[in-house]
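J.: Have a look; sequence and predicted model below, questions after that.
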Amino acid sequence: MTTERDDDTRRVWRLGGLAGVLLVPLMLVWWPGCRQYEPVKSREALGLMQLLYAACNTKDPVRLARVESGLDQLAREGKLSAGERTGFDRVLAMAKAGDWPRAEAAAFKFAQDQVGVGHPAPEGHDAPPSKAVVRGQAPKR
């Protein structure tokens, strides 16, 4: 025979277990070390990231073409890793398919992953880019 107290204890354990199961995926998404995009390693790539966000935000295929051209140049110069290129290509593919809202969100996340708390600054950088990079605006000089 179970008592009310036993039922309450089981209910608390079930709710705690459910909360734990829900908390793990949430932590994986929001934890600072969980990136969706590889960090970029050059100032030029950061500039292209800004241009990519602006292109997606304004639905501008001309800017997208400039991003692709810039990426090709950085790749030729050895300033772009395969992982960096993959990140850019993911966003470019969304934009080229006409999925501008998703491309804009992905470009924003790409930028956020560069300035996230606990992430090291890209190689050769004194400090992470300003918040203006995340908003798609040129930093003030």
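T.: Now that the structure is in, tell me what you want to look at. Numbers count the residues shown, from 1 in each chain.

J.: ok, and the closest non-adjacent residue to Phe110?
T.: The shortest distance from Phe110 to any non-neighbouring residue, by C-beta to C-beta, 6 or more residues apart in numbering, is to Tyr37 (4.6 Å). For glycine as for every other residue, the C-beta is placed from the backbone atoms N, C-alpha and C.

J.: Where does the one you found sit: helix, strand or coil?
T.: Following DSSP: H, G, I helix; E, B strand; the rest coil, Tyr37 is assigned to coil.

J.: For it, give me the pLDDT.
T.: Note on Tyr37: pLDDT of 70.

J.: One more: Leu71?
T.: Note on Leu71: pLDDT of 95.

J.: residues contacting it?
T.: Leu48, Leu80, Arg85, Phe88 (C-beta atoms under 8 Å, 6 or more residues apart in numbering).

J.: now the residues you listed: which count as buried?
T.: By neighbour count, with 16 or more other C-beta atoms under 10 Å, those hold Leu48, Leu80, Arg85, Phe88 as buried.

J.: what's the burial count for the residue nearest to Phe110?
T.: 21 (other C-beta atoms under 10 Å).

J.: so what's it up against?
T.: Applying C-beta under 8 Å, 6+ apart to Tyr37 gives the contacts Gly87, Lys109, Phe110, Asp113, Gln114.

J.: Turn the buried ones among the contacts of Leu71 into CSV, columns for secondary structure, pLDDT and distance to Arg10.
T.: CSV is the format used below for the buried ones among the contacts of Leu71 (DSSP: H, G, I helix; E, B strand; the rest coil; pLDDT from 0 to 100; distance: C-beta to C-beta, whole Å):
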residue, secondary structure, pLDDT, distance to Arg10
Leu48, helix, 94, 56
Leu80, coil, 90, 56
Arg85, helix, 92, 53
Phe88, helix, 94, 51
